[in-house]
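A.B. asks: coordinates for the following, if possible.
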Amino acid sequence: MDWTLSTRRLVRKACDGEYLPGCNSLGWMHMHGQATPQDMSLAARHYRQACDGKEYTGCSNLAVVHLMRSMSDVGTEADGREAVKLLQLACAEKVAGACISLGKVLESGAKGVPADKGAALGHFRTACARGEKLACGFATTLGK
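C.D. replies: From the prediction side, this is the model:
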């Protein structure tokens, strides 16, 4: 049996059974084309399912989909704003990686999101306080 097919089936079954980390994993598989064809729409749908169920890593991952879309030719300012909203939610729920991503988006700005270095610094410091060493470096560099 192909392990990737087996993995996809198990993850799908978990998501169908409302095990929200499974939905997040299924979104990742679709986003990266692992054991399934790459499909950003399906990735977004599974990330949304996880996020709506309070699996906040799914919110952070859904934000990445919105950011990627905002950088494309079809992206809109609403995509950038939605990404920030999702990252704020995930960061507030202690997903440290979301705090780092939010800091990076705010540091340079994105479509529909003006740069705000002060807010970026705050998010880096939050992630640093939660033990994210990378965020500590970003905070030190930006705070100079």
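
A.B. asks: what's the pLDDT at residue 96?
C.D. replies: Note on residue 96: pLDDT of 89.

A.B. asks: how far away is it from residue 133?
C.D. replies: Distance from residue 96 to residue 133, counting by CB to CB, to the nearest Å: 10 Å. Where C-beta positions appear, they are placed from N, C-alpha and C, glycine not excepted.

A.B. asks: could you point out the helix or strand that follows the helix or strand encompassing residue 51?
C.D. replies: Here residue 51, judged by DSSP states H and E, is contained in helix 40-52. Using DSSP H and E, the next helix or strand after helix 40-52 towards the C-terminus is helix 56-70.

A.B. asks: ok, residue 41 - contacts?
C.D. replies: For residue 41, the contact set (CB atoms under 8 Å, 6 or more residues apart in numbering) is empty.

A.B. asks: so who does residue 134 touch?
C.D. replies: Residue 134 touches 100, 127, counting by CB under 8 Å, 6+ apart.

A.B. asks: phi and psi next, for it.
C.D. replies: With angles defined as degrees, to the nearest 10, residue 134 sits at phi -60, psi -40.

A.B. asks: quick revisit: compare residue 96 and residue 133 (neighbour count), which wins?
C.D. replies: Set side by side, residue 96 and residue 133 show more neighbours around residue 96, with 20 against 9, by other CB atoms under 10 Å.

A.B. asks: the more buried one contacts residue 132, doesn't it?
C.D. replies: Yes. Proximity of residue 96 to residue 132 meets the contact threshold set by CB atoms under 8 Å, at 4.6 Å.
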